[in-house]
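Trainee: Everything below, folded, please.
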Amino acid sequence: MKSTLSFLLFLFAINLCSAQMRPIIIVFKTGDTLRGVGKLKADSVKYKDELNDGEPQEFEFSKIEIVKLVIPQNKSVNYRFFQTKEDSKYLAVQEVVSSGEVTLFTTSSSNPMQAQMGIGITYSAPIENYYLKRKNEETMTDLGPYSPLANNLKDKVLEYFADCSTLVDKLKKGDFRVRRGLTEIVEFYNKNCN
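Mentor: Model (predicted):
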C-alpha cells in the first residue's frame, strides 16, 4: 500500500511539473526567434520573456516552425507543427526519424486511468500517436496509436509504403515488427526505397 501511494504521488508530481514554464526557443516561419520561458498548450505556445516582467504571450502553432523546449536534466525536445490529412488543426509533434524522404513523428498524450485501490485516485498512462510525412507533402499522415484492438497500424504502414515492394515484402514476412519497429521501417525506406 505504501509503495503504491508513493508511486501515485510521484505521478502527481510529474504532472504538476509538466505544467510549469520551461526555458524555450521559438523559431517562427518568418525566421524570427524568441528566447525565454514557455510551455506548449493545446493549440498554441505560451511564452514569456525572462528579462521582462510583462504579460505572457501566446502564439498559434500555425505561425511556428520549431520549438526547442528544455526539460529536466537539461535535455531538450524539439517540436514541429503540422496539420494532418484528416484534420486542419495544427499538432505539436516530435521528430523520431528525420533524415531522408520520410520523417516519422510522434505525439504523447495521457489517458486517465482509475487506480485499483478503491479510493478514487486516477493517474495518466502515456499514449503515443504516430505520423509520417514525405518531404514534398504539406500535411502528415496520421497512423494513430499502436493499439492492437483499436487500430490496424500494420495495414496503414503497408499502404503508406506501398511504393517500395522490398519493404512491403519484409513487412509481410515479419522481418520488421510494426509494434516496436517504426523507426527501423522508416530508416530502411529512406535508405533503400527512394
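
Trainee: Please point out which parts of the host helix or strand of Val67 sit buried.
Mentor: Following DSSP states H and E, one finds Val67 within strand 64-71. Within strand 64-71, the residues that qualify as buried by neighbour count (16 or more other CB atoms under 10 Å) are Ile64, Val67, Leu69. No exception for glycine: its C-beta is placed from N, CA and C like everyone else's.

Trainee: count of neighbours near the residue nearest to Glu60 when sequence neighbours are not counted?
Mentor: Distance criterion CB to CB, 6 or more residues apart in numbering; nearest residue to Glu60, sequence neighbours excluded, is Ser44 at 5.3 Å. Applying the criterion other CB atoms under 10 Å, we find 19 residues in the vicinity of Ser44.

Trainee: any idea how far Ser44 is from Leu104?
Mentor: If you measure Ser44 against Leu104 using CB to CB, to the nearest Å, the figure is 25 Å.

Trainee: for the record, mean pLDDT for the strand holding Val67?
Mentor: Model confidence over strand 64-71, given as mean pLDDT, is 93.

Trainee: now swap in stretch 39-53 and tell me
Mentor: Averaging pLDDT along stretch 39-53 yields 90.

Trainee: what distance separates the start and the end of it?
Mentor: Taking CA to CA, to the nearest Å as the measure, stretch 39-53 stretches 17 Å from start to finish.

Trainee: What are the buried residues along stretch 52-61?
Mentor: Under the neighbour-count rule (16+ other CB under 10 Å), stretch 52-61 has Phe59, Phe61 buried.

Trainee: which residues are contacting that stretch?
Mentor: Stretch 52-61 has contacts (CB atoms under 8 Å, 6 or more residues apart in numbering) with 21, 26, 28, 38, 41, 43-48, 81, 90-92.

Trainee: ditto for stretch 157-166
Mentor: Counting by CB under 8 Å, 6+ apart, residues outside stretch 157-166 touching it are 132, 141, 143, 167-168, 171-172, 178, 182, 185, 189, 192-194.

Trainee: centre of the chain versus stretch 50-67, how much separation?
Mentor: For stretch 50-67, the distance from its own C-alpha centre to the chain's C-alpha centre is 20 Å (CA atoms, centre = their mean, to the nearest Å).
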